[in-house]
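S.K.: return atomic coordinates for the entry below.
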Amino acid sequence: MTRKFARFGGAAMAGALLVLAACSAEKAPQSAGSAANWTEFRDQFLAGYFPLNPNFAVYQGKHEFDGQLPDWSADGLQKQIAFLEKTIADAQAFNGKMSDAEKFERDYLVHVAQGQLFFLKDADFPHKNPAFYVGQLDPNVYISRPYADPATRMKAFISYAEKVPAAAAQIKANLKLPMPATFVKYGSAGFGGFADYYTGDAKAAFADVKDPALQKQFDEVAAKAAAAMKDLAAYVASQPGSADGWALGADKFSKMLLTNEAVDTPLDELERIGQADLKRNQDALKAACATYAAGMTIADCMKKMGSDKPADGPVAEARRQLPMLRAFLVEKDLVSIPGTEQAQVEESPPYNRQNSAYIDIPGPYEKGLPSVYYISPPDPSWDKQTQLDFVPGKKDLLFTSVHEVWPGHFLNFLHSNRAESIFGKLFVGYAFAEGWAHYTEEMMWDAGLGDGDPETHIGQLSNALLRNCRYLSAIGLHTKGMTVADSEKLFKEQCYQDEGNARQQAARGTYDPLYLNYTMGKLMIRKLREDWTKGDKTKWKAFHDEFLSYGGPPIPMVRAAMMKEASPKAVF
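M.R.: Now for the predicted structure:
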């Protein structure tokens, strides 16, 4: 994925229904504590939140914040923390007259604030984890999203680039060395990738702007921004990375799940649940391989599926897949498709290739703009065979397209952009978004995608197993003493991933501890579906529409609302 997630304290996924009073980035954050009613409280919160997180606001289409970056100085970080702490206290103490929908929205807001506060304060990501910054620095909105004419967007990029050297200095002052080796590689590649992007793809994107003075200004600020990012990348890589140092520990990991996802399940039980789902998918894979690749090992069966590669590359193949997937949804009547929007498919930019695929979706403040499904090429530093293996097989890619577009993330946001609650648009949580997208892969197979073809089933299971190993790696890496090498081995031997993906995914688990949310979210959604429909497949469409109408709060909150339960609880 993604649009911007509400994790790591400022890069939240977003959008909004209501037209709020415009708030200038120069204004001090407002307090919501004096509000006379919930609507006023909510609007005051947003008026304070946007200036503290201007990059978030821009990605949602609030272009009065164009060119701005958060204040990552010590004072700036403390202001973010204080704002979230006061928001939580004031929301929990709010005792005005409230409807049930407003009470739900209040609890939704509290979880958003608690989740962001965890990464800012408890996990201390601003001082430890370069992933906290990479997503928030992303200038792609100015380059590839045609919300205004090229000259206007070029000016916005120039304003952004002018602020990069100061931001880079703040980041450099914040990040403490030495860092784990995986953080060093991620940070140096991410920051260094920005440097190349500013003077390369970004420059090329505005080549048609016929304004010599503007082009000259662009070149000057882009060069300075690139130099600052190169310096930051060099700083991150200036000390050898440590073999450990990423683990949150069991207490913080549990608090992360509770604050971000309202999940309080004991870690040992969570691990058992993940192991059971891994075995379920492994057993299904064995059965599919017995038909598709009789006599072969499971690993060779997976290689056979992966060797069926698109001759003209994955981008062209994905472009062919999307119309077929949408038609399948319509034919099977599985979920409502609001609107007429379509998603484009492109190769991912160099600074954002740590995942093989993701989608960028405009916030609902934007009007009539395309979403872009990005697919990453192999790392050129890998050997030729590893690069070849990294390119997905057609059926593997098919379920990536399901996950990212139809009916995964893209459809999720078509619904969330139309949610009744403003927070349903502004803050689509990690487990909701990734859980839904991953859930749809198995749901589509169960609904008949591929007509029982075993190669198609293996493609679906390949994606499921990848997420099983993310789930178990997150718990292992952060609470059980698992090493990166152990995680790589798990991805290769238990989930049958190729060398490049195993290497990439094991590293990701160290700096993205919530990547267990794919499987965790899927399992909670699947259980809710079975309980809500009582096993009646004819009610799937009604369930999907109802589930998606909430936008993206913690899934236990949705369960409590849909099942009319007294309080949120995680049920798998």
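S.K.: how about residue 314, nearest residue that isn't a chain neighbour?
M.R.: The spatial neighbour of residue 314 that comes closest, neighbours along the chain excluded (Cβ to Cβ, 6 or more residues apart in numbering), is residue 375 at 5.0 Å. C-betas here are computed from N, CA, C, even on glycine.
S.K.: wait, what's in contact with that neighbour?
M.R.: Applying Cβ atoms under 8 Å, 6 or more residues apart in numbering to residue 375 gives the contacts 314, 315, 318, 345, 346, 347, 348, 356, 357, 400.
S.K.: again, but for residue 565
M.R.: Contact analysis of residue 565 by Cβ under 8 Å, 6+ apart lists residue 559.
S.K.: in ChimeraX, select just the buried ones from the contacts of residue 375.
M.R.: Applying 16 or more other Cβ atoms under 10 Å to the contacts of residue 375, the buried members can be selected in ChimeraX as follows:
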select :314,315,318,345,348,356,357,400
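S.K.: TSV for the contacts of residue 375, including secondary structure, pLDDT and distance to residue 366?
M.R.: Formatted as TSV, these follow (DSSP: H, G, I helix; E, B strand; the rest coil; pLDDT from 0 to 100; distance: Cβ to Cβ, whole Å):
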residue	secondary structure	pLDDT	distance to residue 366
314	helix	94	27
315	helix	95	24
318	helix	97	23
345	strand	96	19
346	strand	94	18
347	strand	92	23
348	coil	87	21
356	coil	82	26
357	strand	89	22
400	helix	96	25
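S.K.: just to revisit the earlier point, in the sheet, who's paired with the residue nearest to residue 314?
M.R.: Counting by DSSP bridges, residue 375 forms beta bridges with residue 347, residue 357.
S.K.: show me the contact partners of the host helix or strand of residue 527.
M.R.: Using DSSP states H and E, residue 527 falls within helix 517-533. By Cβ under 8 Å, 6+ apart, the surrounding residues in contact with helix 517-533 are 261, 263, 270, 273-274, 277, 430-439, 442, 467-468, 470-471, 539-540, 542-543, 546-547, 555-556, 558-559, 562-563, 570-572.
S.K.: so which of the residues you listed belong to strands?
M.R.: When DSSP state E is applied, those are split such that none fall in strands.
S.K.: pLDDT below threshold where in this structure?
M.R.: Low-confidence segments of the chain (pLDDT under 70): 1-34, 351-352, 354-355.
S.K.: count the neighbours of residue 90 for me.
M.R.: Other residues within reach of residue 90 by the criterion other Cβ atoms under 10 Å amount to 17.
S.K.: unless I'm mixing things up, it is touching residue 40, no?
M.R.: No. Using Cβ atoms under 8 Å, residue 90 is not in contact with residue 40, being 11.8 Å away.
S.K.: in the stretch 101-250 of the chain, which spans are helices?
M.R.: Per DSSP state H, counting those that start in this stretch, the stretch 101-250 of the chain carries helices over the ranges 125-128, 131-137, 140-144, 150-174, 181-199, 201-205, 212-236, 250-261.
S.K.: can you say which of those is nearest to residue 99?
M.R.: helix 250-261 (25.0 Å; Cβ to Cβ).
S.K.: which strands and helices sit next to that closest one?
M.R.: For helix 250-261, the packing partners by 3 or more Cβ pairs under 8 Å, 6 or more residues apart in numbering; DSSP states H and E come out as helix 100-117, helix 267-292, helix 430-446, helix 454-479, helix 517-533.
S.K.: which residues touch the helix or strand encompassing residue 344?
M.R.: Residue 344 belongs to strand 343-347 when assigned by DSSP H and E. Outside of strand 343-347, the residues within contact range by Cβ under 8 Å, 6+ apart are 144, 315, 318-319, 322, 359, 370-377, 404-405, 410.
S.K.: mind splitting this structure into its structural domains?
M.R.: Listed domain ranges for the chain are 38-250, 269-562 (source: automatic domain parsing).
S.K.: what is the burial count for the residue lying closest to residue 92 once chain neighbours are set aside?
M.R.: Closest residue to residue 92 apart from its sequence neighbours, by Cβ to Cβ, 6+ apart: residue 110 at 6.4 Å. Residues within reach of residue 110, counting by other Cβ under 10 Å, total 16.
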